[in-house]
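Visitor: kindly generate the corresponding structure for this input.
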Amino acid sequence: MKCYNDGSDLELALLQYRATPLSNDLDSPAMLLMNRSIRTKLPCIPKLLNTNHDSENRTILKSSQERVKVIHDKNTVKERRVLEDGEIVRYRDNLKKSPWQPGQIIKAVNPRSYQLVNAQGNIVRRNSCLLLPDKTNAGGTLNAELDDAPILPSVPTPNVPTPSVPTPS
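Guide: Numbers count the residues shown, from 1 in each chain. Got it, this is the predicted structure:
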């Protein structure tokens, strides 16, 4: 935008930017990309255009990226608690404003996803970010009034006939 307002050459401004070192430790973007300095409008000795410290630039750049990663991961990476089969939990739908409902873990589908049964007896699958261990219900049932009733509803197993395979004669 500044080049447009001044009437100067945009390509020349980009060339100067690419030839300028990023910091005291790190070379210019052109040096990092092509392992050599690029020619600019400033006169220089042609012998200075080639360098041999590419590995040094890579280590400096790598350490800078690692520092940024540590700062980024400080608040983002959290270990999730593994929920056990039969554990009473609170779950909610994918909406952020939906209320938390009681449920019981049936099985872990994968490390972050669980199948659970809710108080109505429906089997639902939820991601672990939508599950919380239920600390209010220490009795082990979904309904506090129904302490004698089992937590999981009795779901009949489907009676599927096995297909008969004809034997070759």
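Visitor: who touches the helix or strand harbouring E66?
Guide: Element membership of E66, judged by DSSP states H and E, is helix 54-76. With CB atoms under 8 Å, 6 or more residues apart in numbering as the test, helix 54-76 has contacts from 25-27, 31-32, 35. (Each C-beta comes from the backbone N, C-alpha and C, glycine too.)
Visitor: can you redo those residues as JSON lines with neighbour count and pLDDT?
Guide: Shown next, in JSON lines, are the contacts of helix 54-76 (neighbours: other CB atoms under 10 Å; pLDDT from 0 to 100):
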{"residue": "D25", "neighbour count": "12", "pLDDT": "79"}
{"residue": "L26", "neighbour count": "15", "pLDDT": "81"}
{"residue": "D27", "neighbour count": "23", "pLDDT": "79"}
{"residue": "M31", "neighbour count": "21", "pLDDT": "77"}
{"residue": "L32", "neighbour count": "17", "pLDDT": "79"}
{"residue": "N35", "neighbour count": "14", "pLDDT": "73"}
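Visitor: among those residues, which are in helices?
Guide: 31-32 (DSSP state H).
Visitor: if we can go back for a sec, in the helix holding E66, what's buried?
Guide: Buried residues in helix 54-76, counting neighbours by 16 or more other CB atoms under 10 Å, are found at 57, 60.
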